[in-house]
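**Q** output the structure for:
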Amino acid sequence: LYWTDSETNRIEVANLNGTSRKVLFWQDLDQPRAIALDPAHGYMYWTDWGETPRIERAGMDSSTRKIIVDSDIYWPNGLTIDLDEQKLYWADAKLSFIHRANLDGSFRQKVVEGSLTHPFALTLSGDTLYWTD
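**A** Next up, the predicted model:
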């Protein structure tokens, strides 16, 4: 189980029964929010909507941390991965949009803009994207 903690500014992992708990990241995090995993490729992705909003990725073992989106982003909230299409989707609550990009942050595209009030969470089921607003 992987999770973000916006109060302590950490990303942690533990076994499902709570054993082997470990802090993966605690530095250079301001307000970590959403987290999504790509276990087949060994990556985790997370949003941070602190002073320097961004989306980052790292190995699920905390290796190779990298910022993949840091422009035209303000309050990145929801985050989900389309594993079939290898796309990362995120919602921005301040800028009121849902965008997507390749898993390395390249080829960014608009998905929904203009009709959202405060998008918060995202998930995919098949080829349908669901969100809370």
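
**Q** how near is residue 95 to residue 49?
**A** The spacing between residue 95 and residue 49, counted by Cβ to Cβ, to the nearest Å, is 11 Å. For glycine as for every other residue, the C-beta is placed from the backbone atoms N, C-alpha and C.

**Q** which residues do these two both contact?
**A** Common contact partners of residue 95 and residue 49 (Cβ atoms under 8 Å, 6 or more residues apart in numbering): 74-75.

**Q** the more surrounded of those two?
**A** Using other Cβ atoms under 10 Å as the criterion, residue 95 and residue 49 rank with residue 49 on top: 22 against 16.

**Q** sec struct for the residue sitting furthest away from the middle of the chain, please.
**A** Most distant from the centre of the chain: residue 19, at 24.5 Å, with distances by Cα atoms, centre = their mean. Three-state call for residue 19 (DSSP: H, G, I helix; E, B strand; the rest coil): coil.

**Q** and it, how far is that from residue 1?
**A** According to Cβ to Cβ, residue 19 and residue 1 sit 11 Å apart.

**Q** and residue 106, what pLDDT?
**A** Looking at residue 106, its pLDDT is 97.
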